[in-house]
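Asks: Okay, predicted coordinates and the sequence, questions at the end:
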Amino acid sequence: MIDTMGIILTDDIHINSLTDKRSISALPFAGRYRLIDFVLSSMVNAGIINVGVILKQNYSSLMDHLGSGKEWDLNRKSGGLHILPPNIARNIHGIGEGSVELIASARGYLSKSKQKYVILSKGNIVLNIDFDNVMEFHIENNADITMVYYEEDSYKEAITNHTFLSVNDDNRVTDIEVRPRRPKTNKVFLNVMLIDKGYLQYLIDEAMARGEQDLVKDILMKRTSRTNICGYKFEGHVGDIDSIQSYYDNNMRMLNANIRKEIFNSSRPIYTKIKDQAPTRYSSDASVNNCLIADGCVIEGQVKNSIIFRGVHIGKKARVSNSIVMQDSIIQTGCELDYMVMDKEVTVRENGRLIGDIRHPIIISKGEIV
Amino acid sequence: MIDTMGIILTDDIHINSLTDKRSISALPFAGRYRLIDFVLSSMVNAGIINVGVILKQNYSSLMDHLGSGKEWDLNRKSGGLHILPPNIARNIHGIGEGSVELIASARGYLSKSKQKYVILSKGNIVLNIDFDNVMEFHIENNADITMVYYEEDSYKEAITNHTFLSVNDDNRVTDIEVRPRRPKTNKVFLNVMLIDKGYLQYLIDEAMARGEQDLVKDILMKRTSRTNICGYKFEGHVGDIDSIQSYYDNNMRMLNANIRKEIFNSSRPIYTKIKDQAPTRYSSDASVNNCLIADGCVIEGQVKNSIIFRGVHIGKKARVSNSIVMQDSIIQTGCELDYMVMDKEVTVRENGRLIGDIRHPIIISKGEIV
Amino acid sequence: MARAECVAMILAGGQGSRLGVLTDELAKPAVPFGGKYRIIDFTLSNCTHSGISTVGVLTQYQPLDLNTYIGSGGPWDLDRNIGGIYVLPPYVKMKAGEWYKGTANAIYQNIPFIEKFDPEYVLVLSGDHIYKMDYTKMIKHHKKTGAVATIAVMPVPWEETSRFGIMNTDESGRVTEFQEKPAEPVSNQASMGIYVFDWKTLKEYLIMDEKSLSSSNDFGKNIIPNMMENDEGVYAYRFQGYWKDVGTIYSLWEANMDILASPPIFNLQDKNWKIYSRNPIKPPHYVSDEAEIMNSCITEGCNIYGFVENSVISDGVTIEEGAIITNCVIFPNVHIGKGTVLNKTIVGENTIIGKGIISGMNSSQDNPYADKLVTNDMVLVGGNLTIEDKTEIFKNSMVRTSTTIGGGKI
Amino acid sequence: MARAECVAMILAGGQGSRLGVLTDELAKPAVPFGGKYRIIDFTLSNCTHSGISTVGVLTQYQPLDLNTYIGSGGPWDLDRNIGGIYVLPPYVKMKAGEWYKGTANAIYQNIPFIEKFDPEYVLVLSGDHIYKMDYTKMIKHHKKTGAVATIAVMPVPWEETSRFGIMNTDESGRVTEFQEKPAEPVSNQASMGIYVFDWKTLKEYLIMDEKSLSSSNDFGKNIIPNMMENDEGVYAYRFQGYWKDVGTIYSLWEANMDILASPPIFNLQDKNWKIYSRNPIKPPHYVSDEAEIMNSCITEGCNIYGFVENSVISDGVTIEEGAIITNCVIFPNVHIGKGTVLNKTIVGENTIIGKGIISGMNSSQDNPYADKLVTNDMVLVGGNLTIEDKTEIFKNSMVRTSTTIGGGKI
């Protein structure tokens, strides 16, 4: 897919203090990743060598994470990883609202790039998708635009933030509903689409000229009849993270061996920033059950049903369960944590006790000393 | 000097349209460089492996130029090149006004860095300085702060933007004058200083607490008696660029073999972004005299006393003299240019004629088609 | 090419035949160590931390894995514009090529490489030692004493002196006597095989040594004794800290165990002296509900369902339910089946160990896989093998081939 | 290690003895070309532009400069995490090492390297050709025809056919006849020494060939004929464009002149197919008031005070006042003194040419430096020499040593 470029729009969704100082795409996930790693690695694994990341606010943690793109093999002479600095300052959600302006701000980069196709995606989805299949589908269906969706029945019950597609037997998208009260279908748009670059440029220029804001509502919705918009059904695991609950639940899903096997598929690895941590040391007193544990930790206490990031220290007689403990946090002797999300570099002093609820995990902000 | 880190403050000086879309530190110079290359290369050649570039506005051309720091061998695992994004938005000149706030915005980076000393510099000086000598001087004189200056008699006549130092026989700075009507001395501060990192942090914290703005006026000037501030005399060539005239003149100075030999000293090379241009081709009709010509050009006409950047095309029968022609500009058949500064990607169509004056070189903005 | 004050030359050429099946198809410096490292990572990381960025790796034995492992040197920050890391094999000059004859000859053949960087000093290192050392301190010592050659030394137990080059020094630290593997040692200060040389002088000695037909072209046997004979300033630099030559299967195992001690005898988690390596691209390790892990090191990509004690588990290893792994060193991507019991066993990369296997638990007089390289009741299982279910492997075995018939004993 | 669809193996091992003094201490692919390139840059840049990012460079003759030149592969975008560029010397296996015996043997010895990447296809290239070629098109052609081997061919003048491997093809492009350097050629379609192979099949033939004691282990002489004999699908791929084997001093000079023609016969300034190289760190070139430059290429770091016509001047060259340089190829960092006249002369790197020298202007029956490798009235002056003032060098000379006495004739 050397003929395809990637554009990742980093979202503005706010999840409590977790996104105070970072974009949601930079949210730490599954012990050693950031959310953007998943879609970025999928692009790289499909042979895409030119990816633009459109940043908005709070971009410094994402810039720091992505660096020169070396870890994704994107430190290229031509193409490679492009971090496109913010030009506008409104809140933008998904690749819908305001996305026109955001993409328009990368117009120069788009026209300089030599690729024929663009994969447009948001940066906060956990998945491992083979874009080669999407491209094959796109060409077979002679599509102008291919929108990627997944099927999810549980959303029908709840009020959701999602966009739903109606797709007919010819794979043609016949209707698009944005945040419907009662969605007609169970086909949830993944906020991933494949489009001819020239056509995208044309659509964006048109929309800008008319003051239209929203790629989905203003552009795609109006064109379902005139344009061959197709829907590609993605059958793999999807973790769409837009709330503290979905963040917590999706982390915990990584304890499932089958999901892990699919997401961390060794033929399409998920790349992330290298930290050169030593292996994790377990002391004689350690007791660990059903956990995902990254490198560089020292485990001296009891850990259960938890996700432990790089460089965490769990002290003696500490009991950590159902929790997410991010990088370089220190849980000292005798502490007890249950249903907690500890951001980076948190310290819980001796015998500290922090208990959240399964329906309401509690977040401790980065660097706090409890 | 592995124990020293560099901080480059990019200036806000405005030079006509040349700095409309780029920081002055990103100004193209001498055929293939940007101004920041000189101080950055001097740092690298002294063995400094941790450099922070504090950006303000118009940072995208500088970010693009510096990239991952590879060309300066600064793509390091620890240290390396750090681009510190803008946090404040006022106009800042030299390392004086507003510099306190600017340095304070990099506080996190400063305290994370492991080095003991800091070299603080602005980014718009053409020079090739051996910082090892400055360090030796600093230690020999047991200085708290070493300010680097050069002697320049011509400034005495004109109203200047410069800071002047009085230095006694013990190399001690006894007085500092900022933009004096009639400077007491001919010692011009280069806006380069060496200081203990911890001391710099202390001074900045103090100044922030008191609402002080200016590193030179508010901090150094007040401390000349209490603190051992020394002045190191730099004897090499200095091109201080803060106006269109000084930009033009300093470019032309590069036609002098002795200055070129000093600045492009092969034991302390000046690094810059690599563009993989082929050698320049001269046609049978070319006639070139007293010019500096970069790679990737095609010369078919007459060029005299000029600086020609990478990828420029000078057409047949064109006559270019006393001019600066930046990257990828095209001067078509039969054109005449005299005392002109052509920004990047300018096209002058057939038989175009543009004549400036030696006291007033005319600028044509980037991308214009004349 | 710009100047480098000091060029490091790492001797990585040896076959390391005492490591048996581990080095059949692999240069010794590329042998895995400590869960996510290769032996050479320690020397390379020392170079990085010491600010030495021009490094030659001298190799001629099975360099392929080492070559692809080192690659552009990025993991060790050695992908530099000026200097950087170079793998240096023997090569053909005008008409003929010759293999490296000895340590000194390997450097001799690469004089043109070193000259490119016009260094003041050359640091000669070995690619198969486990240690953390700041070479800048040693170079500083070299400058201070005005030595022509400085040799790093450390005390070893008197009973082991016969395995080392032993040095006697005067008060100033100057070497007065040098014994290669002495029967009657004059001191217990042993050479660590780490040398700083003035390049100019070393070059002369290398050229001289090359002309002598009787020389074995070795630093310890020829170059240093020749320098001593000519009364050149040869000084000792005393090193304090952990250092281990992992030349035998038992010492490789021992060094792995040293990182497990509490507090560790050799600490890998020192943030000021990280050991760099080519990191595997794998997710965090998973520890199941049934698993028990005690006093062990586990790294990325592992799935642990069994019992692990006192062991070093490398990346990508799966240990199934009911397996009992004690005092083991498991190399990357090994799969260990249900109910298997391994003790004091080193398992090579990618090997599949079936179910119900017993290894390193019992002895047998009649052990066809006994190997004199495997001592101290250990077991060594080679890489890329498949060990069938219910095999028993006795103490002091080296398994070089797959066992395809179940239930057998080896 | 992840899979690569196609691995490129560049044969860069040859000594290139027909280039005389230029390759005494330098592998041929590292010889300078076109002002700021080395010969291998063209093949490497072709790989980059063709999206082939796993490249092995097979080398055994004086690889040092080539090795340091290639470094981490950054200039060609080949410093990749997955794949990248590897310099592959011969090495020692279990007990013994052996040098590369022929082109096929060089690939044979590196079967384990290629297997690491598990490729579908292997592209065999030569490191000493000047051309721009999109290998993806050739691979596409290979897939389309279902060939086992595809050989790139181009028409050569009939009188030169005896220097090449000549191919006859049927209508489908399948090779029906293959003649190595034929006296009576059946066609003028010559092999360019560029092959795409199905890796699986090639591996079988390599192993077979290795067993044959009479084989010279060469692609053109053994592997391809063996495949033809067994009726494997061997197809030709017709290449159109510039291609030159710079195997002789005269052809090296010719190829340099080809970039000067107007319009260039071989265009280096094509923005869609940049030739990448390790760029010198030097300022733009300076052209003085007195200088005259016509129909020439000049690059960074040069200082031109004299007259230059129809010449390729590499980086860092100084040409003093009054010097007259015509039809020359000057390698990097050469200094040419006042009033010196050079014509049809190639000057090697770092050589200092004094004042008032005359080279390539006159002939002499009694020319002690005449050399049969230097033809067509050319002169070749080696690198790192000093040519004293007022020396005269006659046509067809090769100068291998410095002249230290002024005014002499060589």
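Replies: The structure has been received and is ready for your questions.

Asks: contacts, neighbours, all on C-alpha from now
Replies: OK.

Asks: what bits of chain A have low per-residue confidence?
Replies: Residue ranges of chain A with pLDDT under 70: A:57-59, A:85-98, A:155-160.

Asks: Alongside chain C, which residues does it contribute?
Replies: A:30-32, A:255, A:264, A:266, A:269-271, A:274, A:276-296 (CA under 8 Å from any CA of the partner chain).

Asks: List buried residues within these.
Replies: Among the residues of chain A next to chain C, those classed as buried by 16 or more other CA atoms under 10 Å in any protein chain shown are A:30-32, A:255, A:264, A:269-271, A:274, A:276-296.

Asks: middle-most residue in chain A, spatially?
Replies: For chain A, A:Asn124 is the residue whose C-alpha lies nearest the centre (CA atoms, centre = their mean; 2.2 Å).

Asks: Would you mind listing what in chain C touches chain A?
Replies: C:35-36, C:260, C:262, C:268-269, C:274-277, C:279, C:281-300.

Asks: Just the buried ones from these, in PyMOL syntax?
Replies: Selecting only the buried entries of the residues of chain C next to chain A in PyMOL, with 16+ other CA under 10 Å as the criterion:
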select buried, chain C and resi 35+36+260+268+269+274+275+276+277+281+282+283+284+285+286+287+288+291+292+293+294+295+296+297+298+299+300
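
Asks: Among the residues of chain C next to chain A, which lie within strands?
Replies: C:His285, C:Tyr286, C:Val287, C:Glu292, C:Ile293, C:Met294, C:Ser296, C:Cys297, C:Ile298 (DSSP state E).

Asks: Show me where the chain has its helices.
Replies: Looking at chain A here, since you left the chain open. A:36-45, A:60-66, A:99-104, A:107-112, A:131-140, A:197-209, A:221-223, A:244-253, A:257-263 (DSSP state H).

Asks: switch to chain C, that's the one I care about
Replies: C:40-49, C:63-70, C:103-109, C:111-117, C:135-145, C:199-211, C:224-229, C:249-258.

Asks: a markdown table please, covering those helices and showing distance to D:Gly322.
Replies: What follows is the helices of chain C, written out as a markdown table (distance: least, CA to CA, whole Å):
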| stretch | distance to D:Gly322 |
| --- | --- |
| helix C:40-49 | 51 |
| helix C:63-70 | 51 |
| helix C:103-109 | 44 |
| helix C:111-117 | 34 |
| helix C:135-145 | 50 |
| helix C:199-211 | 41 |
| helix C:224-229 | 54 |
| helix C:249-258 | 70 |
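
Asks: where's the closest residue to C:Ile166 other than its chain neighbours relative to C:Pro155, distance?
Replies: With CA to CA, 6 or more residues apart in numbering or on different chains as the criterion, C:Ile166 has its nearest non-adjacent residue at 4.6 Å, and that residue is C:Ala190. Distance, C:Ala190 to C:Pro155, using CA to CA, to the nearest Å: 6 Å.

Asks: I figured the residue nearest to C:Ile166 hits C:Ile151, correct?
Replies: No. Applying CA atoms under 8 Å as the test, C:Ala190 and C:Ile151 come out as separate, 9.5 Å apart.

Asks: can you list the domain ranges for chain A.
Replies: If you go by automatic domain parsing, the domain ranges for chain A are A:4-263, A:281-364.

Asks: Pick the most buried one from those.
Replies: Ranked by mean neighbour count, those are led by domain A:281-364 with a mean of 23 (mean count of other CA atoms under 10 Å in any protein chain shown).

Asks: First-to-last residue distance for that domain?
Replies: 25 Å.

Asks: One more: stretch A:268-285?
Replies: Stretch A:268-285 has its terminal residues 37 Å apart, counting by CA to CA.

Asks: between C:Ala190 and C:Ile151, which one's more packed in?
Replies: Taking other CA atoms under 10 Å in any protein chain shown, C:Ala190 and C:Ile151 do not tie; C:Ala190 has more neighbours (30 against 26).

Asks: low-scoring stretches of the stretch 1-150 of chain C, by residue?
Replies: For the stretch 1-150 of chain C, the ranges with pLDDT under 70 are C:1-3, C:14-16, C:92-97.

Asks: got it, and the stretch 301-410 of chain C?
Replies: In the stretch 301-410 of chain C (pLDDT under 70), the answer is C:404-410.

Asks: Indicate the residue of it located nearest to chain B.
Replies: In the stretch 301-410 of chain C, the residue that lies nearest chain B is C:Asp315 (22.5 Å; CA to the nearest CA).

Asks: burial measure for that residue, as a count.
Replies: 29.

Asks: who's in contact with it?
Replies: When contacts are counted by CA atoms under 8 Å, 6 or more residues apart in numbering or on different chains, C:Asp315 is found next to C:Gly35, C:Lys36, C:Pro280, C:Lys282, C:Ile298, C:Thr299, C:Glu300, C:Gly301, C:Cys302, C:Phe331, C:Pro332, C:Asn333.

Asks: Looking at the residues you listed, which one is closest to A:Thr163?
Replies: C:Lys282 (33.1 Å; CA to CA).

Asks: do you know how far the closest residue to that closest one other than its chain neighbours is from C:Glu290?
Replies: Once flanking residues are discounted, C:Lys282 sits nearest to C:Gly301: 4.9 Å by CA to CA, 6+ apart. Shown here: C:Gly301 relative to C:Glu290, a distance of 18 Å by CA to CA.
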